[in-house]
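> what follows is a protein structure lacking sequence information:
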Ligand code: 0O2
């Protein structure tokens, strides 16, 4: 069998596994559990602070094409086993908050949920990526009990502010994982705008605190 044919067979086998109804359902289960928890946390925080906390929550199951590309990009084996073992974001959920302190408070709530296991935390807010990307990522494990045993489903939870989210969305559209002539220039520009994101998030938080102080003096 030549190399290309072999790769084709591996990719096909991967697709078959990812298309399996049970596999899809397990990822959907992890997403709906996290969605439920984030909504509950949001209700609690909105009541605690009497203001809006989470702007929106989105979720997705990573597509076959995107999984295949990521396995290839990272030089992993093209197989379902490798995808499940090596990739942390086949199931993904993103909560976009208004303020940066809300991001960390929600992360603490999630970390304190007795039924979830925190596998890994990547704080790209305290330490943004080289290109300026900011977000807090929690890789969590959701237990799934069936008749025979308990298995764990990985899910990546991305938490960030609305301003960070706008930057990331524009980066996705303009630059992320794209290859073109002026890459270096665009990357430099985006990095500069990321510094503006930091500044604006800090100022908005400061302003919110000032307003609260004024109100409490009344
Ligand atoms: P897509 O198409 O959005 O799903 P690791 O967890 O260390 O094994 P991974 O998953 O590469 O490796 O980690 P990383 O770098 O934290 O990226 C996870 C996800 O965060 C990415 O998934 C993106 O969704 C998002 N992300 C990371 N870096 C950037 C960035 O520079 N710009 C933007 N816009 N998003 C970013 P995917 O699979 O790369 O992409």
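Perfect, I can see it now. What you see is a predicted model, and the numbers here were worked out from it, not measured in a lab.
> check contacts around residue 33.
Contacts for residue 33 (Cβ atoms under 8 Å, 6 or more residues apart in numbering) come out as residue 142. To be clear about C-beta, it is placed using only N, CA and C from the backbone, and glycine gets the same treatment.
> distance check, it against the ligand.
20 Å (Cβ to the nearest ligand atom, to the nearest Å).
> would you tell me what the next helix or strand after the helix or strand harbouring that residue is?
Taking DSSP states H and E as the definition, one finds residue 33 inside helix 21-49. Sequence order places strand 54-61 as the next helix or strand after helix 21-49, per DSSP H and E.
> and the longest helix anywhere in the chain, what does it pack onto?
The residue-count maximum for a helix in the chain (DSSP state H) belongs to helix 183-217. When contacts are defined as 3 or more Cβ pairs under 8 Å, 6 or more residues apart in numbering; DSSP states H and E, helix 183-217 packs onto helix 100-111, helix 162-174.
> give the rounded mean pLDDT of the first one.
Okay, so that is helix 100-111. Averaging pLDDT along helix 100-111 gives 98.
> kindly report the residues of the protein close to the ligand.
Neighbours of the ligand within the chain, by Cβ under 6 Å from any ligand atom: 62, 66, 70, 88-89, 122, 129, 131, 133, 137, 168, 171-172, 176.
> weed out the non-buried ones from those.
Buried members of the residues of the chain next to the ligand, counted by 16 or more other Cβ atoms under 10 Å: 62, 70, 88-89, 133, 137, 168, 171.
> quickly check the residues you listed for the two that are furthest apart.
With distances taken as Cβ to Cβ, the most widely separated pair in those is 88 and 171, at 19.9 Å.
> quick one: secondary structure of residue 140?
With DSSP: H, G, I helix; E, B strand; the rest coil as the basis, residue 140 sits in strand.
> and stretch 128-147, how far out from the chain's middle?
6 Å (Cα atoms, centre = their mean, to the nearest Å).
> repeat that for stretch 95-114.
The answer for stretch 95-114 is 13 Å, by Cα atoms, centre = their mean.
> ends of that stretch, how far apart?
Taking Cα to Cα, to the nearest Å, stretch 95-114 runs 20 Å from one end to the other.
> what's the answer for stretch 58-78, then?
Note: stretch 58-78 ends 28 Å apart using Cα to Cα.
> go ahead and flag the most central residue of this structure.
In the chain, the centroid-proximal residue (Cα atoms, centre = their mean) is residue 158; its distance is 2.8 Å.
> residues in contact with that residue?
Residues in contact with residue 158 (Cβ under 8 Å, 6+ apart) are 92-95, 135-137.
> ok, and the closest non-adjacent residue to it?
residue 94 (4.2 Å; Cβ to Cβ, 6 or more residues apart in numbering).
> of the helices and strands packed on helix 183-217, which approaches residue 208 most closely?
Here helix 100-111 is closest among these (Cβ to Cβ), at 8.9 Å.
> ok, then the element right after that closest one?
Next element after helix 100-111 (DSSP H and E): strand 117-123.
> tell me the mean pLDDT for that following strand?
98.
> partner strands of that strand, parallel or antiparallel?
The strands beside strand 117-123 in its sheet (DSSP bridges) come out as strand 136-145 (antiparallel).
> what's in contact with stretch 37-48?
Counting by Cβ under 8 Å, 6+ apart, 52-54, 57, 93, 95, 102, 105-106, 109-110, 113, 116 sit against stretch 37-48.
> quick one: which of those residues has the most company?
Highest neighbour count within the contacts of stretch 37-48, by other Cβ atoms under 10 Å: residue 95, with 28 neighbours.
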